[in-house]
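Engineer: Curious how this folds, go ahead:
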Amino acid sequence: MNHPVAEFLKLLPDVNAPEIALEEDGDLCFDWWGRDGGSFSASLREDGNVSWSGLWNGGTEKATGHFILTGDGLPRDFVKALKEFEVGR
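Structural biologist: As a prediction, this is how the structure comes out:
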């Protein structure tokens, strides 16, 4: 498997590019921002653990989750939520 950051970026669906920031604990945070004040964030640890959450459509839609990158693709619930966020931006 590639480095977790490269793997995560490679597996993202066709969505707008996120803002990427280094958190104090060393995790990388990927943030997408919506026009309605919504946001979608994924925090990637060096070991491939990913925690994510999103809030969009004026706060009427939300989702959260956690997964470990294995090289087998991203979980359906994460991809579905990210795509729904992109549509609702």
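Engineer: okay, CA-based contacts and neighbour counts for the rest of this
Structural biologist: Fine.
Engineer: Spatially central residue in this protein, please.
Structural biologist: Residue closest to the average C-alpha location in the chain (C-alpha atoms, centre = their mean): A42, at 3.6 Å.
Engineer: residues touching the residue nearest to that one when sequence neighbours are not counted, list them.
Structural biologist: Of all residues not flanking A42 in the chain, W52 sits nearest, at 4.2 Å (C-alpha to C-alpha, 6 or more residues apart in numbering). Neighbouring residues of W52 by C-alpha atoms under 8 Å, 6 or more residues apart in numbering: F40, S41, A42, S43, T64, G65, H66, F78.
Engineer: Hmm, the first one is touching S53, no?
Structural biologist: Yes. In this structure F40 lies within contact range of S53 using C-alpha atoms under 8 Å: 5.8 Å.
Engineer: Specify which residue of those two has the higher count of neighbours.
Structural biologist: F40 (22 against 18; other C-alpha atoms under 10 Å).
Engineer: Can you identify the element that follows the host helix or strand of the more buried one toward the C-terminus?
Structural biologist: Counting by DSSP states H and E, the element that carries F40 is strand 39-44. Downstream of strand 39-44, the next assigned helix or strand under DSSP H and E is strand 49-56.
Engineer: For the protein, which segments are assigned as helices?
Structural biologist: Secondary structure of the chain (DSSP state H): helices located at 4-11, 76-88.
Engineer: out of those, deepest packed?
Structural biologist: Highest mean neighbour count among these (mean count of other C-alpha atoms under 10 Å): helix 76-88, with a mean of 17.
Engineer: how about low-confidence regions in the chain?
Structural biologist: Counting by pLDDT under 70, the chain has low-confidence residues at 1, 88-89.
Engineer: how close does L82 sit to F30?
Structural biologist: According to C-alpha to C-alpha, to the nearest Å, L82 stands 12 Å off from F30.
Engineer: and what of G59?
Structural biologist: From G59 to F30 the distance is 20 Å (C-alpha to C-alpha).
Engineer: what do you get for N49?
Structural biologist: Using C-alpha to C-alpha, we find N49 at a distance of 13 Å from F30.
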